[in-house]
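A.B. asks: Predicted model and sequence below, questions to follow.
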Amino acid sequence: MLEHLNAAPAKPGRVVIIGAGGFVGGAIKRRLEREGIATLALTRRELDLLQPGAAKKLAALLRPADSVVMVSAITPAKTTPVLMQNLSMVEAVCDALAVAGVAHLVHISSDAVYADDQNPVTEQSYCTPSTLHGMMHAARELMLKSAVQAPLAILRPTLIYGPADPHGGYGPNRFRRQADKGEPITIFGEGEELRDHVLVDDVAALAILMLTHRSRGALNAVTGVSTSFHDVARMVARLHGGTVKSVPRPGPRPHLLHRFFDITNCHKAFPGFRVTSLAEGLAQAHRESRGNS
């Protein structure tokens, strides 16, 4: 559950986004700019956390009154070398923050930190990841908790989708790309796995709410509604045109078949926040992609 340190929402003096060039970081940057909040956007060009001297360079950029959003990551972390790179990136951030204290830190993590067999998932669920990707996120959270003195808010999104996603992971983003290319939308087996999918704009909105409330604690960025990949594919096909095709799984059926979330804590933390339904979000992504093209 989140605790708000601001008695009333207030714009931070400046927000430093570490990873502003990425999918989620870019969405947060755009929302901050729309709300008139001063922003220092750090992409890999300005700050490569894997380069020697990154901690010193970051520390020189920070001010004591800054709020920081840490979103930079190499994902998905499926191998040990990538896991270690991600930990090195957060180590540089921890070292910088130890030298240059800031007012607030918001860290973008993942629901992969939770155990697969927990349903429904809440913010109080045990963080016992079963994948390297989940282990990476859990370790980064612990590193920041241990090293950073500033109030820390952790946002744990589930599967994120949106029109500018560069990864194309299995789900809405890949299905939209396949349909736009005139290819069949392919699902594995019957596509029976149930997942929650959250629009990237909602993740950005929750991050801004954490910043303006100067929150600390953890919150899941989810909708509370899980949908099968079969149904997601059908929804995309109706919007973009095309067909849905079942293909054999490339391996065994996933260990995590279904995941459900209880979003009570989100309602309590931000009563005025309205989550975007999957149908609304897919339609919005469709409109934006058509407009950009």
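C.D. replies: That came through fine.

A.B. asks: so the closest residue to Ala10 other than its chain neighbours is in which element?
C.D. replies: Spatially, and ignoring its direct neighbours in sequence, Ala10 is nearest to Thr212 (6.1 Å; Cβ to Cβ, 6 or more residues apart in numbering). For glycine as for every other residue, the C-beta is placed from the backbone atoms N, C-alpha and C. Thr212 is part of helix 200-213, with elements assigned from DSSP states H and E.

A.B. asks: So His4 sits against His213, correct?
C.D. replies: Yes - in this structure, His4 is within contact of His213 by Cβ atoms under 8 Å, at 4.1 Å.

A.B. asks: Common neighbours of these two, please.
C.D. replies: Among the neighbours of His4, none is also in contact with His213 (Cβ atoms under 8 Å, 6 or more residues apart in numbering).

A.B. asks: Leu206 and Phe270 touch, don't they?
C.D. replies: Yes - contact criterion Cβ under 8 Å: Leu206 and Phe270 qualify, at 7.3 Å.

A.B. asks: more neighbours, those two?
C.D. replies: Between Leu206 and Phe270, Leu206 has the larger neighbour count (other Cβ atoms under 10 Å), namely 28 against 19.

A.B. asks: Can you tell me the closest non-neighbouring residue to that one?
C.D. replies: Ala221 (5.3 Å).

A.B. asks: coming back round to it: surely the residue nearest to Ala10 touches Leu5?
C.D. replies: No - judged on Cβ under 8 Å, Thr212 makes no contact with Leu5 at a distance of 11.0 Å.

A.B. asks: and the two? which has more neighbours close in?
C.D. replies: Shown here are Thr212 and Leu5; by other Cβ under 10 Å, Thr212 has more neighbours (18 against 13).

A.B. asks: any idea how far the more buried one lies from Cys266?
C.D. replies: Thr212 sits 16 Å away from Cys266, going by Cβ to Cβ, to the nearest Å.

A.B. asks: for His286, same thing?
C.D. replies: Separation of His286 from Cys266 (Cβ to Cβ) stands at 26 Å.

A.B. asks: Who has more neighbours out of those two?
C.D. replies: Counted by other Cβ under 10 Å, His286 and Cys266 do not tie: Cys266 has more neighbours, with 23 against 19.

A.B. asks: ok, so what distance separates the more buried one from Gly224?
C.D. replies: Distance check for Cys266 against Gly224: by Cβ to Cβ, it reads 8 Å.

A.B. asks: Which neighbours do those two have in common?
C.D. replies: With contacts taken as Cβ under 8 Å, 6+ apart, Cys266 and Gly224 have Val275 as neighbours in common.

A.B. asks: I'd like the next helix or strand past the helix holding Thr212.
C.D. replies: strand 215-221.

A.B. asks: now the helix or strand that that next one is followed by, how far from the chain's geometric center?
C.D. replies: Next along the chain after strand 215-221, taking DSSP H and E as the criterion, comes strand 226-228. The chain centre lies 19 Å from the centre of strand 226-228; the measure is Cα atoms, centre = their mean, to the nearest Å.

A.B. asks: about what we covered before: may I have the helix holding Thr212 as CSV, with CA atoms only?
C.D. replies: Presented in CSV, the C-alpha positions along helix 200-213 are these (Å, rounded to 0.1, in the frame of the first residue of the first chain):
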residue,chain,number,x,y,z
VAL,A,200,1.5,2.4,-21.3
ASP,A,201,-0.4,5.8,-20.8
ASP,A,202,-1.9,4.4,-17.6
VAL,A,203,1.6,3.4,-16.3
ALA,A,204,2.7,6.9,-17.0
ALA,A,205,-0.3,8.4,-15.3
LEU,A,206,0.3,6.4,-12.1
ALA,A,207,4.0,7.4,-12.1
ILE,A,208,2.9,11.0,-12.2
LEU,A,209,0.4,10.5,-9.4
MET,A,210,3.2,9.0,-7.3
LEU,A,211,5.4,12.0,-8.0
THR,A,212,2.8,14.6,-7.2
HIS,A,213,1.7,12.8,-4.0
